[in-house]
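I'll drop the sequence and a predicted model, then ask my questions.
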Amino acid sequence: MNFKRIQWIFILAFVLLDLGLCLSLFMGTQFHNSTQQQSQTQITLKEMKNDMISFNQLSNKRRDGYYVSAADNQQWTNNNHLNTLKGQSARISNGIVTSTFDKTIKVKPGIQIQAQLDKLVHSKRILHGQQYTYSAALSSTHQVVYTQTVHGQPVLERDGQIRIRINDNNEVTGYTQGYVGQFKNLRPRAMTVSQQQAVTWLYRHNQIANNSRIRYVLLGYAKSETVNNRTVYLPVWNVNVKSKADDNSQNLRVNAFSNTIFTTKQSN
């Protein structure tokens with residue numbers, strides 16, 4: 001065998017060995033960091049339970065999302081459109097329609113509320129109703145919420161929601177509605193933090209009180225800032241926390257990209 005050929009074989013073998021060692025070291029470091037992070041999360045979750053904070057199983061799966069924008073849509077309807085709505089008195093203010101039905105609509109209480117209200121929302125009695133989806137998490141006994149969606153996730157602002165009012169007699173009395181036009185992607189898809197990461201971050205920063213219950217953790221889109229009459233939305237984790245001592249509850253929001261407390265900015 002040619003000596004030069006043998007020499008090249010040895011060089012190639014050493015290069016492959018070095019690459020293998022580097023890859024093994026990198027994967028080992030990644031595995032160690034991932035394991036360490038998971039261990040810290042599990043410790044935090046145990047601390048939360050010791051502080052009498054109850055919650056359902058939280059996913060450690062990361063999701064994906066986008067920065068999106070929508071044009072200022074305060075003029076999404078006008079009195080001419082409102083006049084086409086039958087059997088109700090409707091008015092618009094600051095882009096939000098408030099309507100009261102001439103006759104209340106009886107509904108049966110229980111888990112079938114969506115099936116009963118889908119017919120109403122998707123009828124001609126509500127503008128653009130086909131573009132809204134029922135949200136069980138955001139709904140309550142006296143307010144049923146339908147939302148527009150961004151990449152399959154609900155809009156968490158009233159600007160993109162229909163909120164149906166139900167009185168103590170299980171009658172629909174009316175609704176409020178906001179509407180956001182077409183959403184446009186601003187950046188490529190990016191990974192979000194997981195439910196576990198969002199909740200444990202809030203706990204570590206003293207945002208979740210002891211003796212409370214986390215009712216739900218919902219990924220949705222919220223306003224970030226307004227620039228040149230366009231509103232920027234980004235994915236946030238909406239963590240609904242209720243005190244066990246009373247009926248008080250609050251929504252805590254975490255920026256799903258940066259895993260920090262979510263705040264809204266306004267710009268010209």
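Thanks, I have the structure now.

going by C-alpha atoms from here, please, whenever you check contacts or count neighbours.
OK.

center of this structure - which residue?
The structure's the chain has its C-alpha centroid closest to residue 220; by C-alpha atoms, centre = their mean the separation is 1.5 Å.

quick check: which element contains the closest residue to residue 99 other than its chain neighbours?
Here the nearest residue to residue 99 in space, its sequence neighbours aside, is residue 90; by C-alpha to C-alpha, 6 or more residues apart in numbering that works out to 4.1 Å. Using DSSP states H and E, residue 90 sits within strand 88-93.

find me the pLDDT at residue 182, would you?
Confidence at residue 182, expressed as pLDDT, is 87.

go ahead and confirm it touches residue 70.
Yes - under the criterion of C-alpha atoms under 8 Å, residue 182 lies in contact with residue 70, with a separation of 6.1 Å.

so these two - more neighbours on which side?
Using other C-alpha atoms under 10 Å as the criterion, residue 182 and residue 70 rank with residue 70 on top: 18 against 11.

name the element that one belongs to?
Per DSSP H and E, the secondary structure element for residue 70 is strand 68-71.

now the helices for the stretch 151-268 of the chain?
Under the criterion DSSP state H, counting those that start in this stretch, the stretch 151-268 of the chain carries helices at the ranges 195-204.

packing partners of the longest strand anywhere in the chain?
When the chain is scanned for its longest strand (criterion: DSSP state E), the result is strand 212-227. If contacts are counted by 3 or more C-alpha pairs under 8 Å, 6 or more residues apart in numbering; DSSP states H and E, strand 212-227 sits against strand 153-154, strand 230-243, strand 265-266.

what's the span of stretch 139-157, first residue to last?
Distances were taken as C-alpha to C-alpha, to the nearest Å; on that basis the terminal residues of stretch 139-157 are 14 Å apart.

figure out how far stretch 220-229 is from the centre of its chain.
Shown here is stretch 220-229, whose average C-alpha point lies 14 Å from the average C-alpha point of the whole chain (C-alpha atoms, centre = their mean, to the nearest Å).

pull the CA atoms of it into CSV?
This file holds the C-alpha atoms of stretch 220-229, laid out as CSV (Å, rounded to 0.1, in the frame of the first residue of the first chain):
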residue,chain,number,x,y,z
GLY,A,220,-52.8,33.6,23.4
TYR,A,221,-51.9,36.8,21.7
ALA,A,222,-51.9,40.2,23.4
LYS,A,223,-51.1,43.8,22.3
SER,A,224,-47.4,44.7,22.7
GLU,A,225,-47.2,48.2,21.3
THR,A,226,-48.8,50.5,18.7
VAL,A,227,-46.6,52.1,16.0
ASN,A,228,-47.9,54.2,13.1
ASN,A,229,-51.5,53.1,13.6
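
quick revisit: any idea which of the helices and strands packed on strand 212-227 is most buried?
strand 230-243 (a mean of 23; mean count of other C-alpha atoms under 10 Å).

contacts for that one?
65-72, 195, 198-199, 208-209, 211-226, 248-257, 262 (C-alpha atoms under 8 Å, 6 or more residues apart in numbering).

quick one: low-confidence parts of the stretch 151-268 of the chain?
Scanning the stretch 151-268 of the chain for pLDDT under 70 picks out 264-268.

thinking again about what came up before, by how many degrees do the longest strand of the chain and strand 230-243 diverge?
Counting by axes from the mean of the first three to the mean of the last three C-alpha atoms, to 10 degrees, strand 212-227 points 170 degrees away from the direction of strand 230-243.

before we move on, the earlier item: please name the strands paired to the strand holding residue 70 in the sheet, noting orientation.
Sheet pairing for strand 68-71, assigned by DSSP bridges, gives strand 184-185 (antiparallel), strand 230-243 (antiparallel).
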